[in-house]
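Q: Provided below are the primary sequence and the corresponding predicted coordinates.
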Amino acid sequence: MSGVPVSVEEKRFLRHIHASGLKLLEPKVTPEGIIYKGLDPGEFGWKQILFLLKSLAQKGHLDEEDYDRAIFCPACDSPHVYSKYACPIDKSIFVRKVTLLQHTTDGYQGEKAAFEKEDRLICPQCSGDLGQAHDPNTRDPTLKEIGFSYECIKGGHKFEKPHVLHFCPDCGSMFDYKTARYIALFSYSLTQQALNLLNEDTDIEEKLEPLYAYLKSKGFDVSYDVTMVGVSGSTHSFDLAAENEELTLLFDYSLGDTSKLVILLGKKMDLPGHEVVLLDFRNNDEMLNLSKVYNIKVIRVQEEGWALVIDSLITKPEEPSKKNLTRRGLWGRKRE
Amino acid sequence: MSDEHKVIPETISFSYSNFIKLLESLVNNFGSAGESMIFQIGRDYGLHYCQDALTRLPSKEMELPDLFKYVIETASEDGWANMELDEFNLQSGSINVVLKQNVFKPNCTLLHSPQCFFLRGYISGIIKELTNIDYMFFSSECYANGDEHCSMKLIAQVR
């Protein structure tokens, strides 16, 4: 999906990654959320970061590699999850692990608890001292671990495989594999496409400097990378916005791609009362022709006279009357 | 062109997943402008739907809120959602509609973002047809945000 427009927030996050100097973003599960090693989250929340990374990878600005898995709480979406063992019969978490030991010298075998005397392991049959109870490294070689099982303390049930339960300390939920959210975590690295975009941005800002200065001289507040909410509730981003008390001019730029004009038309429909302008850096004639059909002003910043277009918008904002617009209908029918 | 091809079919239908794919392709290709386009498609559809519904009115003497209620209840039968009128205040320019069994719910919860631009436009188109006032989407309760219900508040556009 390369060529898909990047939102202001996505671009800001790309810059943030680039500024960190990290070649590879590797995820890590922490009680506070999924973090990326070495990356200061800055203004971005961890869920927002996951969303932005995914979206940027889909748009071809990041390479994505399968890296890890995390269990998320199905109730509150937190990755702060602990596992516990439970009795498969009554689901009680009050179970104990029973380790079976054998003293090969005299053949005695039994639960580890039968060997434990204070902090030592003593053979109940021959009374031989077989090492420290809680340090397997000190055990006598004649003492072998021959198996284990689990026992439910409340119900007395004995079983080999406990039921694994997950506990979320954030919301107190207990859940198992059936309801858990098992999420794939990916590592990411910037693609050449992202680096090009970031370089292009620096280049574009230099080219926009005369326009920026001109709009300022006309008393506008001018900002780069602006977002606006349209009548549909959708949030639209613009490369540049100039605003005064009476008028808002919204600009996107294009490096020859005519789809930018279609995109600007879509945004314009959602922002009635605002003027939109496309800044064409490649002097694309097709763009100019299309702009007349779409009733969108196009400015060729590198050509003389571009300031006149701005002046015409400032002095006479265009508000085409819908009554005069003839819309083409299906099968050649026309409707007013 | 053969006679067969001159006949415009009364209805055409396609599956839910194909409709969603159609909307997705607009958003994937045009970003937020795609969402706006979906809103406009919904709005035009709402306008025409309302015009058609008004030709089948049970009574000629209905107040505006009742008319709106009638149209959205008729629209609910098409299966987009069970739409219920919660607020209709022309003086304050505020209209709130609760949408039960919204067909876009699975996508809202899956993608963690509202997917109802078509229905926002649809309702706004119905209001426009009835009042001749442009209403804009203002806020919503949304499954994507973890809300229990889906509802949309639209407010009159100040131009």
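A: Arrived safely, thanks for sending. Numbers count the residues shown, from 1 in each chain, chains lettered A, B, ... in the order given.
Q: for the host helix or strand of residue B:124, the distance to its chain's centre please.
A: Element membership for residue B:124, per DSSP states H and E: helix B:117-131. Taking the mean of its C-alpha atoms, helix B:117-131 sits 6 Å from the chain's own mean (C-alpha atoms, centre = their mean, to the nearest Å).
Q: got it, and stretch A:59-79?
A: Chain-centre distance of stretch A:59-79: 8 Å, with C-alpha atoms, centre = their mean.
Q: next one: stretch A:192-200
A: On C-alpha atoms, centre = their mean, the centre of stretch A:192-200 falls 20 Å from that of its chain.
Q: anything in that stretch sitting right up against chain B?
A: No: using C-beta under 8 Å from any C-beta of the partner chain, we find that stretch A:192-200 stays clear of chain B, coming within 14.5 Å at best. Bear in mind the C-beta positions are built from the backbone N, C-alpha and C, glycine included.
Q: Show me which positions of that stretch end up buried.
A: The neighbour-count check on stretch A:192-200 (16 or more other C-beta atoms under 10 Å in any protein chain shown) flags A:193-194, A:197-198 as buried.
Q: Please give me every residue in contact with residue 104.
A: In the absence of a named chain, this looks at chain A. The contact partners of residue A:104, taken as C-beta atoms under 8 Å, 6 or more residues apart in numbering or on different chains, are A:142-144.
Q: wrong one, chain B
A: Residue B:104 sits next to B:115-116, B:118-119 when contact means C-beta under 8 Å, 6+ apart.
Q: repeat for residue B:84
A: Contacts for residue B:84 were tallied using C-beta under 8 Å, 6+ apart; they are B:72, B:97-100.
Q: Return the per-residue confidence for it.
A: With respect to pLDDT, residue B:84 has a value of 91.
Q: beta partners for it?
A: Taking DSSP bridges as the rule, residue B:84 bridges to residue B:98.
Q: Relative to residue B:61, how far out is it?
A: 23 Å (C-beta to C-beta, to the nearest Å).
Q: Could you check which residue of the stretch 151-300 of chain A lies nearest chain B?
A: As assessed by C-beta to the nearest C-beta, chain B sits closest to residue A:266 within the stretch 151-300 of chain A, at 2.7 Å.
Q: what packs against the helix or strand containing that residue?
A: According to DSSP H and E, residue A:266 maps onto helix A:259-270. For helix A:259-270, the packing partners by 3 or more C-beta pairs under 8 Å, 6 or more residues apart in numbering or on different chains; DSSP states H and E come out as strand A:235-243, strand A:248-254, strand A:275-280, helix A:285-294, helix B:16-30, helix B:32-54.
Q: need the ones you listed in JSON lines with mean pLDDT, can you?
A: Formatted as JSON lines, those follow (pLDDT from 0 to 100):
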{"stretch": "strand A:235-243", "mean pLDDT": "92"}
{"stretch": "strand A:248-254", "mean pLDDT": "92"}
{"stretch": "strand A:275-280", "mean pLDDT": "92"}
{"stretch": "helix A:285-294", "mean pLDDT": "88"}
{"stretch": "helix B:16-30", "mean pLDDT": "87"}
{"stretch": "helix B:32-54", "mean pLDDT": "93"}
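Q: what's the closest of the ones you listed to residue A:151?
A: helix B:16-30 (50.5 Å; C-beta to C-beta).
Q: Return the residues in contact with the residue lying closest to residue A:220 once chain neighbours are set aside.
A: Of all residues not flanking residue A:220 in the chain, residue A:242 sits nearest, at 3.8 Å (C-beta to C-beta, 6 or more residues apart in numbering or on different chains). Going by C-beta under 8 Å, 6+ apart, residue A:242 touches A:215, A:218, A:220-222, A:248-249, A:251.
Q: Neighbour-wise, which one of those residues leads?
A: Ranked by the number of neighbours (other C-beta atoms under 10 Å in any protein chain shown), these place residue A:251 first, at 25 neighbours.
Q: in the sheet, who's paired with it?
A: Residue A:251 has these beta-bridge partners by DSSP bridges: residue A:240, residue A:277.
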